[in-house]
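S.K.: Coordinates only, no sequence provided:
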């Protein structure tokens, strides 16, 4: 779902040391005597309150560096200790041992910096941790002396601290017009026409002023900055102190609760980690004994009557079994209602939050591909803003997983010696990090580094806009570009050279990124001819046919609207097209509206024909990720659209659960819906009837794909095969129901039936989508490239594919449904690799029955599979090629279910399949030799040699000769075979055949060793 791409960008405060005289220091209210607990400061650090001329003359910024002009305020201590980002993502802050720096996210520049004086550090101690209030108005620095130093941040929307300057170079390469769109309209700010993403608004001014110092005598374990208060977990005694940001005369500014007074805490311990999630209104605590708690702050309406002074309520949802599984770090995923807990051994346990009463069961576990010693302990966990990706930093690297556990990328495969030589700290270990740009960039901080590493991330477009066409077509979006999969247009993927890319990279117009970065959503049309992207405001449109962009001529018109994907602010949550003329709109009031698209020569209108209310069925409408509905075939073809809502079954994707709602009537004849969860841990699903471009109704039919070999044949009388299939990915396997109608028939609860089993397709990569017409699942893997001739590492995406046809055929055969298996395979008869798929089918069944003999023997699937394969012209080739890929111990099991091998040899000879016949001869020789060691017979080899020479199959003859020499180094067996084939009397050493093949080489030579696996096809 998320993959790093390219080389990271690196940002640092300065390349050179700054003279001490150029630094303005802050004493933070420290006097000669000990500071009071909350003394108001009279001194301040102000980087923007001076005159504009003075502010602009002090420094200029380019690419995240403050120019070393002798007047810039930077930190003297190099290593960055901590970093925090605001809720909006526009500003982030970093600290070193003695400084606090405020940064702008895009463009990435340092806006202001506070350097603490030696008096302040002596009085309060060195910086150890950083807190940033979510609205970025207050920053708090925690010190080693047990103090909390707070600073206020003030911004002026109209003020700019830096003036961006670009070098003038008339010889520079001009950008193509197609990238900037058709328009020749002059933008209102031509001075930044060459700017990068989000540089249209310039570099803002920030004033940093010292606010106060708070002394915590009990020691600080962990602190947390919320919207209304600062929460501090103390050491001795173990307690929680809550300090309000704003003084209120009606209530105390501070409140405290001892951990020992919390009855729901299992043992006496202290709190070492706290993570809060605002959308869920939930906090996760980790205690010193390794337990994890789900906690909520009590409000005035939720007072504990038995203990009115209680500030928190919570439940323990994780008990460590050993010290190695003790919890250390945590992250909360509000989109999927998950809590990830990092353990001391490097593993991560993920729990599902079902309610606020402690019902938080284990969902799944995440493991690393390396040992705990190679990875170290987790340093931080962070979910992407959309919840689809989990990033975990470790002491010796990092790793990424999809939301339900599919590994996406990691740095543990990197060569640490090369990384150390290139000083790439982001590969050697990560201390902290955060997401920016809505998830399109990831900022990492090394363990002991004065630089910030910004990784560009490519993510699946469905994370921003869940569209069936984007899923089936394969669309990825990055910070400044798009990637569209072009494998649909290739008739034979097996014939594509390895160095040929199947992903088309499309650059988003710089003029649009200038003011509208980040890109929040992207979508591709069903025919892949058009792509639309939307940033903060407006949108841009791309044609894959003309390779040109269309953007708004007038910047003011572009600012008049915003596209939110499936997260519309009001009133709709999700929109989807259910067919060529229907539109479904799911709204915040829990209603699904059905519209018909009515088009005339002069206009297009939406006419509402029905609606469905889901009150009492779906509790949280904003959590719905996707919606589809399934109409009965009769209603779809002949029914009145106004009656669709009474017959349609509805699919919802909510919190990773795939929910099916089926219509029925109650005793009063009123319409009601029966709900059933049909799948768990669903990252995405595909209802194939929503992607008709893969399944044409007939040759040349409008609106369907016509690429040769890209679609299934649905014109025979055996049904629609996979047209009604339902696919979903659960983080481990791609699962498929070949016919969703079977699910609909079993889903009603009053029937008491189990759902039909899914066909599970194991994968070692993340699947993007199934190419149903090619029987392939395609996906990508992230590859880390390190070369010794360059001093940096980069990430790239490697294409991956996997056949799904063998697993589907096996399921049909296991269900004793050979006609369905024959029909499905007949639909794929055009594929050049159909025989290979059948070989994989036979190989998997054979290996399973050899390793796990069926009981009783009558339940064996192998005889059914061989009977099924016998209906294919390539049957003999499939069987003999399967033997090449299996161990000798499996041959007895396989050929016990087949006619005698000599009969298969004779059949291959009659059909003129000489290479196949050679394979059966070698199998015959091996089986006879293992059985009774009887003398080798050369009559069949002689017949095959004679046929090979007669048909000028010299390569086959050469391989047969090598094999005969391999079993008899003296050459006697070869001479006997040549004599019996009546070829020996005319074969003198040094003679050549008609095509120039040396006779001695044909004979294989003396002393060569050959075996079955050297026989080439």
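M.R.: Sure, I can see it. Since this is a predicted model, take the numbers as computed values, not measurements.
S.K.: Would you mind listing where this protein has pLDDT under the threshold?
M.R.: Within the chain, the stretches with pLDDT under 70 are 15-24, 31-77, 163-194, 493-500, 565-580, 692-720, 929-937, 984-1017.
S.K.: What ranges does the stretch 501-650 of the chain have for its strands?
M.R.: 503-507, 521-524, 530-534, 540-543, 548-550, 572-579, 582-587, 591-599, 604-613, 624-630, 649-654 (DSSP state E, counting those that start in this stretch).
S.K.: who wins for proximity to residue 202 among those?
M.R.: strand 540-543 (21.9 Å; C-beta to C-beta). Where you see a C-beta, it was placed from the backbone N, CA and C, and this is true even at glycine.
S.K.: Now do that closest one: distance to the chain's middle.
M.R.: 25 Å (C-alpha atoms, centre = their mean, to the nearest Å).
S.K.: buried ones in it?
M.R.: 540, 542 (16 or more other C-beta atoms under 10 Å).
S.K.: Same check on stretch 741-759?
M.R.: 741, 743-744, 747, 755-756, 758-759.
S.K.: what residues does the helix or strand hosting residue 350 touch?
M.R.: Assessed by DSSP states H and E, residue 350 sits inside strand 348-352. Contact with strand 348-352 is made by 317-318, 337-343, 360-366, 378, 381, 390, 392, 401, 405, as judged by C-beta atoms under 8 Å, 6 or more residues apart in numbering.
S.K.: Same question for stretch 831-847.
M.R.: Contacts for stretch 831-847 (C-beta under 8 Å, 6+ apart): 492, 494-495, 709, 774-775, 803, 805-806, 809-810, 825, 828, 861-862, 865-866, 869, 872, 874, 877-879, 881-882, 885-886, 890, 893-894.
S.K.: Just the buried ones among those, please.
M.R.: Applying 16+ other C-beta under 10 Å to the contacts of stretch 831-847 flags 774-775, 803, 805-806, 809-810, 825, 828, 861-862, 865-866, 869, 872, 874, 877-879, 881-882, 886, 890, 893-894 as buried.
S.K.: List the strands paired with the strand ranked longest in the chain, with their directions.
M.R.: Scanning the chain for the strand with the most residues, using DSSP state E, yields strand 147-160. Strand pairing for strand 147-160, determined by DSSP bridges: strand 138-143 (antiparallel), strand 204-215 (antiparallel).
S.K.: need the next SSE after the strand holding residue 350, C-terminal direction.
M.R.: strand 362-366.
S.K.: what comes up buried for that following strand?
M.R.: 363-364, 366.
S.K.: Closest to residue 160 out of these?
M.R.: Of these, the one sitting nearest to residue 160 (C-beta to C-beta) turns out to be residue 366, at 44.5 Å.
S.K.: I'd guessed the closest one sits against residue 346; true?
M.R.: No: counting by C-beta atoms under 8 Å, residue 346 is not a contact partner of residue 366; they are 9.5 Å apart.
S.K.: Need phi/psi at residue 96.
M.R.: Phi and psi for residue 96, reported as degrees, to the nearest 10, are phi -120, psi -170.
S.K.: That one - how many residues pack around it?
M.R.: The burial count assigned to residue 96 is 23, neighbours taken as other C-beta atoms under 10 Å.
S.K.: Pretty sure it sits against residue 113.
M.R.: No: using C-beta under 8 Å, residue 96 is not in contact with residue 113; the gap is 9.6 Å.
S.K.: Can you classify residue 11 by secondary structure?
M.R.: Of the three states, residue 11 takes strand under DSSP: H, G, I helix; E, B strand; the rest coil.
S.K.: Quickly note the distance from it to residue 965.
M.R.: 68 Å (C-beta to C-beta, to the nearest Å).
S.K.: for residue 531, what are its contacts?
M.R.: Contacts of residue 531 (C-beta under 8 Å, 6+ apart): 475, 482, 484, 506, 522-525, 541-542, 544.
S.K.: Reformat those as a markdown table; add distance to residue 637.
M.R.: Converted to a markdown table, these look like this (distance: C-beta to C-beta, whole Å):
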| residue | distance to residue 637 |
| --- | --- |
| 475 | 31 |
| 482 | 37 |
| 484 | 33 |
| 506 | 38 |
| 522 | 34 |
| 523 | 29 |
| 524 | 28 |
| 525 | 25 |
| 541 | 34 |
| 542 | 35 |
| 544 | 32 |
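S.K.: Nearest to residue 593 among those?
M.R.: residue 523 (20.3 Å).
S.K.: Which residues are in contact with residue 662?
M.R.: Contacts here follow C-beta under 8 Å, 6+ apart; on that basis residue 662 touches 649, 673-674, 676, 744, 747-748.
S.K.: which residues of the stretch 151-300 of the chain fall in strands?
M.R.: Using DSSP E, counting those that start in this stretch, strands in the stretch 151-300 of the chain cover 204-215, 220-225, 229-234, 239-244, 254-258, 271-277, 282-287, 292-297.
S.K.: Throw those into a markdown table and include mean neighbour count and distance to residue 118, thanks.
M.R.: Below are those laid out as a markdown table (neighbours: other C-beta atoms under 10 Å; distance: least, C-beta to C-beta, whole Å):
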| stretch | mean neighbour count | distance to residue 118 |
| --- | --- | --- |
| strand 204-215 | 21 | 16 |
| strand 220-225 | 20 | 22 |
| strand 229-234 | 22 | 26 |
| strand 239-244 | 20 | 28 |
| strand 254-258 | 14 | 30 |
| strand 271-277 | 20 | 31 |
| strand 282-287 | 24 | 36 |
| strand 292-297 | 22 | 39 |
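S.K.: so which of those strands gets nearest residue 430?
M.R.: strand 271-277 (16.8 Å).
S.K.: So what touches that closest one?
M.R.: By C-beta under 8 Å, 6+ apart, the list of residues contacting strand 271-277 from outside reads 221-224, 226, 231, 233, 238, 240, 259, 282-288, 327-332, 334.
S.K.: How far away from the center of its chain is it?
M.R.: Centroid separation for strand 271-277 versus its chain: 26 Å, with C-alpha atoms, centre = their mean.
S.K.: in its sheet, what does that strand sit against?
M.R.: Sheet pairing for strand 271-277, assigned by DSSP bridges, gives strand 282-287 (antiparallel).
S.K.: Now do the strand it pairs with: distance to the chain's middle.
M.R.: 27 Å.
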